[in-house]
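Student: could you work out the structure for the sequence below:
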Amino acid sequence: MPPPPKKAFPLRLEPSLWQALERSAAADLRSVNAQVECLLREALQRRGVKVAPPEPRKRGRPPKEE
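Tutor: From the prediction side, this is the model:
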């Protein structure tokens, strides 16, 4: 069963904040979007808000059909 689609929304950021996010994401080998998700999860966890872990993505090639 495919995971539910992610919610998309516009986000307006100051250019300096965007640049800091880009640097942080590059240091962690992530996209800026993945970095924002990670930072939000960490912040919510510190506040004691429980969030379900992300569903693992399937990796690799699909099985061969016979």
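
Student: tell me the contacts of Arg41?
Tutor: Counting by C-beta atoms under 8 Å, 6 or more residues apart in numbering, Arg41 makes contact with Val51. Every residue, glycine included, has its C-beta placed from N, CA and C.

Student: look up how far Arg30 lies from it.
Tutor: 12 Å (C-beta to C-beta, to the nearest Å).

Student: for this protein, which segments count as helices?
Tutor: With DSSP state H as the criterion, the chain has helices at 15-27, 32-46.

Student: kindly export the shortest one (C-alpha atoms) in CSV.
Tutor: C-alpha atoms of helix 15-27 as CSV (Å, rounded to 0.1, in the frame of the first residue of the first chain):
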residue,chain,number,x,y,z
PRO,A,15,16.7,34.9,2.5
SER,A,16,19.2,34.5,5.3
LEU,A,17,17.1,31.7,6.9
TRP,A,18,16.8,29.9,3.6
GLN,A,19,20.6,30.1,3.1
ALA,A,20,21.1,28.7,6.6
LEU,A,21,18.7,25.9,5.9
GLU,A,22,20.5,25.1,2.6
ARG,A,23,23.9,25.0,4.4
SER,A,24,22.5,22.8,7.2
ALA,A,25,20.8,20.4,4.6
ALA,A,26,24.0,20.1,2.6
ALA,A,27,26.0,19.3,5.7
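
Student: packing partners for it?
Tutor: Applying 3 or more C-beta pairs under 8 Å, 6 or more residues apart in numbering; DSSP states H and E, we find helix 15-27 packed against helix 32-46.
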